[in-house]
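Asks: What shape does this take:
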Amino acid sequence: MTKLVIGGVIALGLTVFGGAAIAQRMGPSGFPFKSGEETYSHLCQGCHMPDAKGAVGAAMYGYPALAGDPKLASGLYPAMVIVKGQKAMPNFADLTDDQVAGVVNYVRSHFGNKFADEITAAQVKAIRPPPVTSENRRPG
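Replies: All right, here's what the predicted structure looks like:
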């Protein structure tokens with residue numbers, strides 16, 4: 001019921017304020033980003049900084065540096081953090097598999113990182129949790 005109400009309010013707002021063009025640009029994920037660089041500059045650099053050197057903040061964890069981060073050696077690690085979240089970082093599960101792969105590949109090949117192998121959208125899809133259904137829902 002809540003999703004229906006929220007969806008109706010969003011649709012009404014888009015109609016009233018002429019946002020149909022915005023909704024069309026947004027795409028299926030809700031984010032219009034086409035490249036890893038664009039995704040980083042709009043979603044990631046606010047916390048990890050434009051130079052990917054991180055910052056102090058976010059309670060006791062801070063915003064970790066991605067520049068020169070050895071944890072990026074495996075492309076699956078940052079993909080999992082993006083999809084599932086970790087510590088003070090929220091998940092960005094609403095990014096498409098292509099968008100997650102794109103931003104992971106961008107970060108792993110920029111900011112002093114020199115990881116040549118790339119992660120694929122299929123690999124991102126494989127690490128996503130299965131959707132909640134009546135068969136796998138927790139009781140209660």
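Asks: From here on, just use CA atoms for contacts and neighbour counts.
Replies: Will do.
Asks: Would you confirm that Tyr106 contacts Gly36?
Replies: Yes. With contact defined as CA atoms under 8 Å, Tyr106 and Gly36 form a contacting pair (5.3 Å).
Asks: Which residue, other than its chain neighbours, is closest to Cys47?
Replies: Excluding its sequence neighbours, the residue lying closest to Cys47 (CA to CA, 6 or more residues apart in numbering) is Tyr63, at 5.8 Å.
Asks: got the contact list for the one you found?
Replies: Tyr63 makes contact with Cys47, His48, Gly54, Ala55, Val56, Gly57, according to CA atoms under 8 Å, 6 or more residues apart in numbering.
Asks: between the residues you listed, which has the most around it?
Replies: Each of those was scored by neighbour count (other CA atoms under 10 Å); the top score is that of His48, with 21 neighbours.
Asks: pLDDT score assigned to the nearest residue to that one once chain neighbours are set aside?
Replies: Distance criterion CA to CA, 6+ apart; nearest residue to His48, sequence neighbours excluded, is Gly54 at 4.2 Å. Predicted confidence (pLDDT) for Gly54: 91.
Asks: quick one: Gly54 from Cys44, how far?
Replies: Separation of Gly54 from Cys44 (CA to CA, to the nearest Å): 10 Å.
Asks: repeat for Ala126
Replies: Relative to Cys44, Ala126 is positioned 23 Å away (CA to CA).
Asks: who has more neighbours, those two?
Replies: Cys44 (16 against 10).
Asks: Could you check the pLDDT of that one?
Replies: Note on Cys44: pLDDT of 94.
Asks: Where does the prediction get shaky in this structure?
Replies: By pLDDT under 70, the weakly predicted segments of the chain are 1-29, 57-61.
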